[in-house]
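Visitor: Okay, here's the prediction I keep looking at, along with the sequence it came from:
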Amino acid sequence: MELSFVNQVRPYRTVWRLQVKVLHAWKQFTPLSGETLEIVFSDGYGNKIHASCKKAYFDRLENKVPVDAWRNIDHFLVTNNGGSYKPTNHQYKIVFIPTTDITPSTLQEENMFLSLVDFESIQSGKLDTTNLIDVIGQVFELGDLETVQCHGKQRKKIEFSLRDI
């Protein structure tokens, strides 16, 4: 199968092959979709895309996407990237399907693929508030670790302040 890049994927087919690095991965729960594994991938050019895996495929795919690993991803669905908060600014999102296959890649690039923005841009309010951003700073105020109720579950919370370095 021909290798494609993140900026080439479109919703009109499911036969794609990407060579990507796993930048971030986390589990989340929403009433609409239940528990999912959410992932941010980057291709070798730094193009990022969000991916989502339903709980039904966790056993088969979850261990194949460790953070910092390069992977080949074959056969997946591409949908519009909607929602209140988007981990990337890509207009589409990958959704794993029963035929999705994930294998190790031979590409080994150590780039972290961060898209850092300066503090002034954040403070000015000019950034799109629906897209998450990468930021590095120095913690100068650190609150206590608290346990709070969130949607009926106990969650850990810590408040902190960053300053530009």
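Guide: Thanks, I have the structure now. Residues are numbered from 1 along each chain as shown.
Visitor: if I pick residue 108, what's in contact with it?
Guide: By C-beta atoms under 8 Å, 6 or more residues apart in numbering, the contact list for residue 108 reads residue 70. For every residue, glycine as well, the C-beta is placed using N, CA and C.
Visitor: Sticking with it, tell me its helix or strand.
Guide: Residue 108 is part of no helix or strand when elements are defined by DSSP states H and E.
Visitor: what separates it from residue 94, distance-wise?
Guide: According to C-beta to C-beta, to the nearest Å, residue 108 stands 22 Å off from residue 94.
Visitor: swap in residue 147?
Guide: Distance from residue 147 to residue 94, by C-beta to C-beta: 34 Å.
Visitor: do the same with residue 162
Guide: From residue 162 across to residue 94, the span is 30 Å (C-beta to C-beta).
Visitor: what's the answer for residue 123, then?
Guide: 33 Å.
Visitor: Quick check: buried residues in the helix or strand bottoming out on mean pLDDT in the chain?
Guide: Ranked by mean pLDDT, DSSP states H and E, the weakest helix or strand in the chain is helix 119-124, scoring a mean of 85. Within helix 119-124, no residue counts as buried by 16 or more other C-beta atoms under 10 Å.
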